[in-house]
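Asks: I'll drop the sequence and a predicted model, then ask my questions.
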Amino acid sequence: MEFRGRVFLAPLTKGGNLPFRRLCLAHGCDVTMDEMAYGYQVVKRSKSELALLRKHPEETCFGAQVAASRPGDAIAAEFAAAERGA
Ligand SMILES: Cc1cc2nc3c(=O)[nH]c(=O)nc-3n(C[C@H](O)[C@H](O)[C@H](O)COP(=O)(O)O)c2cc1C
């Protein structure tokens, strides 16, 4: 995707949830971003953390953000996000 001229939703922990992101898409947003997910929780397959990585089909350019103190957790979590369409 060409990013020039696109409308981005700022990453918003506790704000950028899926229903809100869909509302933003309906109002012209092009690029969306999930809420911050904790890498170690994603690695543990925490349901609530994995839910943060869920992408809606309307999200054609979807970014994931992960917080981790261990690089291995960050990498595993980003792979999990990529598997879900990020
Ligand atoms: C409630 C709230 C949550 C935020 N969460 C994140 C976040 O998870 N990750 C991040 O990089 N920035 C986060 N930010 C920073 C916003 O993305 C940042 O304020 C925005 O990019 C600045 O845009 P502006 O200059 O148009 O205000 C958050 C900001 C707010 C107010």
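Replies: Here it is on my side, so go on. Note that the structure is predicted; figures quoted are calculated from it, not measured.

Asks: thought residue 1 was touching residue 61?
Replies: Yes - Residue 1 lies in contact with residue 61 (Cβ atoms under 8 Å); the separation is 5.1 Å. Using the backbone N, CA and C atoms, a C-beta is placed for each residue, glycine as well.

Asks: touching the ligand at all, stretch 30-41?
Replies: Yes - part of stretch 30-41 sits near the ligand under the criterion Cβ under 6 Å from any ligand atom, namely residue 36.

Asks: what is the mean pLDDT for that stretch?
Replies: Regarding stretch 30-41, the rounded mean pLDDT is 97.

Asks: Between the two ends of that stretch, how far is it?
Replies: The straight-line separation of the ends of stretch 30-41 (Cα to Cα, to the nearest Å) is 28 Å.

Asks: cool, and stretch 43-56?
Replies: With Cα to Cα applied, stretch 43-56 spans 22 Å between its terminal residues.

Asks: Residue 4 falls within a helix, correct?
Replies: No - per DSSP: H, G, I helix; E, B strand; the rest coil, residue 4 lies outside any helix segment and is coil.

Asks: list the residues that contact both of residue 1 and residue 61?
Replies: Residues touching both residue 1 and residue 61 (Cβ atoms under 8 Å, 6 or more residues apart in numbering) are 30-31.

Asks: which residues are in contact with the lengthiest helix in the chain?
Replies: Taking DSSP state H as the criterion, the chain has its longest helix at helix 71-83. Contact with helix 71-83 is made by 34, 37, 39-40, 42-43, 50, 53, 64, 66, 68, 86, as judged by Cβ under 8 Å, 6+ apart.

Asks: again, but for stretch 5-16
Replies: By Cβ under 8 Å, 6+ apart, stretch 5-16 touches 20-21, 24, 28-36, 61, 63, 65.

Asks: gap between the two ends of it?
Replies: End-to-end for stretch 5-16, by Cα to Cα: 21 Å.

Asks: do stretch 29-49 as well
Replies: End-to-end distance (Cα to Cα), stretch 29-49: 24 Å.
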